[in-house]
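Q: no sequence on this one, just coordinates:
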DNA sequence: TGAAAGCTTCGGCGGTGGCCGAAGTGTGGG
DNA sequence: CCCACACTTCGGCCACCGCCGAAGCTTTCA
């Protein structure tokens, strides 16, 4: 096999270009922040990362041009968000690959507090993660609504459960109904995909849980504890 | 929310470091080449990429240190391969994200020939891809052995089919039995995971298909056509 | 209509990193 | 025993890229 500059290289060049977008610490920080699924302004990201607005502007330009971010210009603000669920999954997968190496050890008490809140429950782009996400996934599996032993898919009973519970599953494009997302803190898969997003959306609108501060962490409410116990048999203690 | 250099940054730094490994065109080329699932020597990779052996050595050092590659020293040779199925999946996912942009248009006749052989059938790390991979996946789905509508998982009948056909499914660690891998050329998911690997392994050892040249492309044999037709009802024409 | 806020563009600086060739190390073959 | 071969280490070159501050543009608010 000879050098083959043109053929194989085009793929390699594209792959390298994509990875380059993530290969900068500041941009990586942006992507992780945006994993909360919401739109941030350029200024918020700049302050979050601790770099100058001009620097942020250049970074965002690259990320948008590379198709990783979508932008919304509103007045003097530039809102950016992850382009789609696919990009979110990519960032999650990369982050999951990293975390084993960077054994997360909180350095300060403040981080320990924030860390354990994140470990209890958080959003992962558009679905639930942390102990909350795992608890829900395990409960669904235990009730025979989700199969994890032969892959990762809802059962027919599972689809029925979503309907009966009043959580509509709207199939869009090619996005899978159920997908496994490797949990950062728990090191186990939790429910993502359309069903994961629908469940998370319902949990937030039905006040099962609320966001804490401006981060990705969420807290289960009294209402939520009752609903999760009644619908899925989840013990309240598991969530604390 | 203030800058938070230490907390959020540790994650971002690790993410950036991982992406940096892929962010170089030469290293990306190595990873794509190694997607054939076999071990290459440093010299082979150097010639493949068209760079000096010394440059290759440095690149391999980084990739091994970063945990993306595993190495086997044998005499004066240094064999490297993708570290595990997880790394392979990561590279696949990244590559799949790229291909839409780089609308693959073969430039020369030679590439067109090689490209269509790859499009017909190839290995994707340790499982089958291309039209062959899609055909198998579709056949399994059509026979009710695989579910794709509610996620991606074998059915109980599917597990039975593997047993009856004499393709053992050996569960190892946390690797899923069935997993979707987005096909490069077909833009649709094909079967990966333990079942995908077992099927590919069986296909190669039972002489259902053979590797073409030193690339990832494979060709279905006469024996293979009969077996695929008998066991899964796949029309031979589909594979050409 | 002025002033402030959010973002962008530009020029310049400095660090990082990929590349090579030359020299060095260790293995295998004649 | 010596040579050929595969790989590694080292030094130096060069290009790229992230960073900032200054200046400019547009929007918003008083």
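A: Good, I have the coordinates. Small disclaimer: the values here were computed from a predicted structure and weren't measured. Numbering: from 1, shown residues only, chains lettered A, B, ... in the order given.
Q: need the next SSE after the helix or strand hosting residue A:201, C-terminal direction.
A: Element membership for residue A:201, per DSSP states H and E: helix A:193-205. The C-terminal neighbour of helix A:193-205 among helices and strands, as given by DSSP H and E, is strand A:209-211.
Q: Within its sheet, name the partner strands of that next one and how each one runs.
A: Looking at strand A:209-211 with DSSP bridges, its paired strands and their directions are strand A:218-220 (antiparallel).
Q: Pull the residues that contact the partner strand.
A: If you take C-beta atoms under 8 Å, 6 or more residues apart in numbering or on different chains as the criterion, strand A:218-220 is touched by A:117, A:120-123, A:128, A:132, A:204, A:208-212, A:228, A:239. Where C-beta positions appear, they are placed from N, C-alpha and C, glycine not excepted.
Q: Kindly recompute the last result at 10 Å.
A: Outside strand A:218-220, the residues within contact range by C-beta atoms under 10 Å, 6 or more residues apart in numbering or on different chains are A:117-118, A:120-123, A:128-133, A:135, A:200, A:203-204, A:208-212, A:224, A:227-228, A:234, A:236, A:238-240.
Q: what do you get for stretch A:153-170?
A: If you take C-beta under 10 Å, 6+ apart as the criterion, stretch A:153-170 is touched by A:140-141, A:143-147, A:176-180, A:191, A:193-195, A:197-203, A:206, A:227, A:231-232, B:146-155, B:178.
Q: Out of the contacts of strand A:218-220, which end up buried?
A: If you count burial by 16 or more other C-beta atoms under 10 Å in any protein chain shown, the buried members of the contacts of strand A:218-220 come out as A:117-118, A:120-123, A:128-133, A:135, A:200, A:203-204, A:208-209, A:212, A:224, A:227-228, A:234, A:238-239.
Q: ok, then the element right after the lowest-mean-pLDDT helix or strand in chain A?
A: Of all the helices and strands that make up chain A, the one with the lowest confidence by mean pLDDT, DSSP states H and E is helix A:109-120; it has a mean of 68. Tracing the chain C-terminally past helix A:109-120 and defining elements by DSSP H and E, one meets strand A:122-124 next.
Q: and the following helix or strand past that following strand with chain B, contact?
A: Past strand A:122-124, further along toward the C-terminus, the next helix or strand under DSSP H and E is strand A:127-129. No - interface with chain B: strand A:127-129 contributes nothing (C-beta under 10 Å from any C-beta of the partner chain), its closest point being 13.7 Å away.
Q: any idea of the mean pLDDT in the helix or strand just after strand A:127-129?
A: Counting by DSSP H and E, the element after strand A:127-129 in chain order, helix or strand, is helix A:130-142. With pLDDT averaged residue by residue, helix A:130-142 scores 96.
Q: Run the chain-centre distance for helix A:130-142.
A: In terms of C-alpha atoms, centre = their mean, to the nearest Å, the centre of helix A:130-142 is set 15 Å apart from its chain centre.
Q: Outline the domain layout of chain A.
A: As given by automatic domain parsing, the domain ranges for chain A are A:11-83, A:87-239.
Q: interface residues of chain A facing DNA strand D?
A: Taking C-beta under 7 Å from any atom of the strand as the criterion, chain A approaches DNA strand D at residues A:20, A:23-27, A:50-52, A:54-55, A:58-59, A:62, A:74-76.
Q: Buried by neighbour count, from the residues you listed: which ones?
A: For these, a burial check counting by 16+ other C-beta under 10 Å picks out A:20, A:23-27, A:51, A:59.
Q: Next, give me the two most distant ones among the residues you listed.
A: Farthest-apart pair in these is A:20 and A:51; separation 17.8 Å (C-beta to C-beta).
Q: Angles on the backbone of the residue in chain A that DNA strand D sits nearest to, please.
A: Nearest residue of chain A to DNA strand D: residue A:75, at 2.5 Å (C-beta to the nearest atom of the strand). Listed backbone geometry of residue A:75 is phi 60, psi -130, with angles given as degrees, to the nearest 10.
Q: what separates it from residue A:44, distance-wise?
A: 15 Å (C-beta to C-beta, to the nearest Å).
Q: ditto for residue A:209
A: Distance check for residue A:209 against residue A:44: by C-beta to C-beta, it reads 23 Å.
Q: cool, residue A:191 as well?
A: Using C-beta to C-beta, one gets 29 Å for the distance from residue A:191 to residue A:44.
Q: Looking only at neighbour counts, state which of the two leads.
A: Counting neighbours by other C-beta atoms under 10 Å in any protein chain shown for residue A:191 and for residue A:44 shows that residue A:191 has the greater number, 29 against 17.
Q: In this structure that one contacts residue A:180, no?
A: Yes - proximity of residue A:191 to residue A:180 meets the contact threshold set by C-beta atoms under 10 Å, at 7.6 Å.
Q: Identify the contacts common to the two.
A: A:137, A:146, A:148, A:152, B:151.
Q: Who's the closest spatial neighbour of residue A:66, skipping the chain neighbours?
A: residue A:21 (4.6 Å; C-beta to C-beta, 6 or more residues apart in numbering or on different chains).
Q: so how many other residues sit close to the one you found?
A: Other residues near residue A:21 come to 20 when the count uses other C-beta under 10 Å.
Q: does any bit of the one helix or strand it maps to sit next to DNA strand C?
A: Using DSSP H and E, residue A:21 sits in helix A:7-22. No - using C-beta under 7 Å from any atom of the strand, helix A:7-22 stays clear of DNA strand C, with a minimum separation of 9.4 Å.
Q: packing partners for that helix?
A: Using 3 or more C-beta pairs under 10 Å, 6 or more residues apart in numbering or on different chains; DSSP states H and E as the contact criterion, the secondary-structure elements in contact with helix A:7-22 are helix A:25-34, helix A:53-65, helix A:85-98, helix B:7-22, helix B:25-34, helix B:42-49, helix B:85-98, helix B:109-120.
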